[in-house]
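Visitor: Requesting a structural model of the entry that follows:
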Amino acid sequence: MKSPEEQLAREYWDKRAAELSDDQWKSMVLLGPDEVADYRDRKEKALFARLIGLKKDMTVLDVGCGTGRWGVSLAGHCRAMVGFDLSPALLDVARRRLNAANVHNVTLVCSPITEFSCVEKFVSDSQGAYS
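Guide: Modelled structure (predicted):
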C-alpha cells in the first residue's frame, strides 16, 4: 500500500507532467526564460558528463529520472541506463522524448525509491561514478 505522502507526491508530479507540452520539458527543473534554461541545461550536461567519466561499458542509474533529461543526453555515452520515477505521467514524457531522440538503451521503471529494485548492480568507482 502506498503511503499518503507518496500518493500526494505522485499526484503532484503527474499533474505537473500533464501541464507540459513536448517543448516545455525543461520547466520541471530549469526555471526562467528559455534562453537561461537552455544555457543552464547545456552547462549542467557538459559538467556532469565530464565529472562522472562515463564509459561505454557502464550502466547508469538515473534516480528520479522525470522527463528523461539525463537519459537523452547521456545514454549515448554508456552501455545502458536505468531510470526510475514514481510518476507514470513523467515517465510517459520521458518515453516520448527518448523515442524522438532515437535512444533505445534506457529502461524506464515506475517505482518510488523505497520500492525500487533492479537486476543490475550499481557500484561506485574510486572517482564517485557509478556503474
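Visitor: Please, where are all the helices along this protein?
Guide: 4-18, 34-52, 69-74, 88-100 (DSSP state H).
Visitor: so of the ones you listed, which one's packed in deepest?
Guide: Compared across the helices of the chain, helix 69-74 shows the largest average neighbour count, a mean of 21 (mean count of other C-beta atoms under 10 Å). Backbone N, C-alpha and C define where each C-beta goes, glycine included.
Visitor: Can you name every helix or strand that it contacts?
Guide: Contact partners of helix 69-74 among helices and strands, from 3 or more C-beta pairs under 8 Å, 6 or more residues apart in numbering; DSSP states H and E: helix 34-52, strand 59-63, strand 80-85, helix 88-100.
Visitor: switch to 7 Å and redo it
Guide: strand 59-63, strand 80-85, helix 88-100 (3 or more C-beta pairs under 7 Å, 6 or more residues apart in numbering; DSSP states H and E).
Visitor: of those, which approaches residue 38 most closely?
Guide: For residue 38, the closest of the helices and strands packed on helix 69-74 is helix 88-100, at 15.4 Å, according to C-beta to C-beta.
Visitor: which strands and helices sit next to that closest one?
Guide: helix 4-18, helix 69-74, strand 106-110.
Visitor: Nearest spatial neighbour of residue 73, chain-adjacent residues omitted?
Guide: residue 45 (4.7 Å; C-beta to C-beta, 6 or more residues apart in numbering).
Visitor: tell me the angle the helix or strand bottoming out on mean pLDDT in the chain makes with strand 59-63.
Guide: Ranked by mean pLDDT, DSSP states H and E, the weakest helix or strand in the chain is helix 34-52, scoring a mean of 82. Orientation of helix 34-52 against strand 59-63 (axes from the mean of the first three to the mean of the last three C-alpha atoms, to 10 degrees) gives an angle of 130 degrees.
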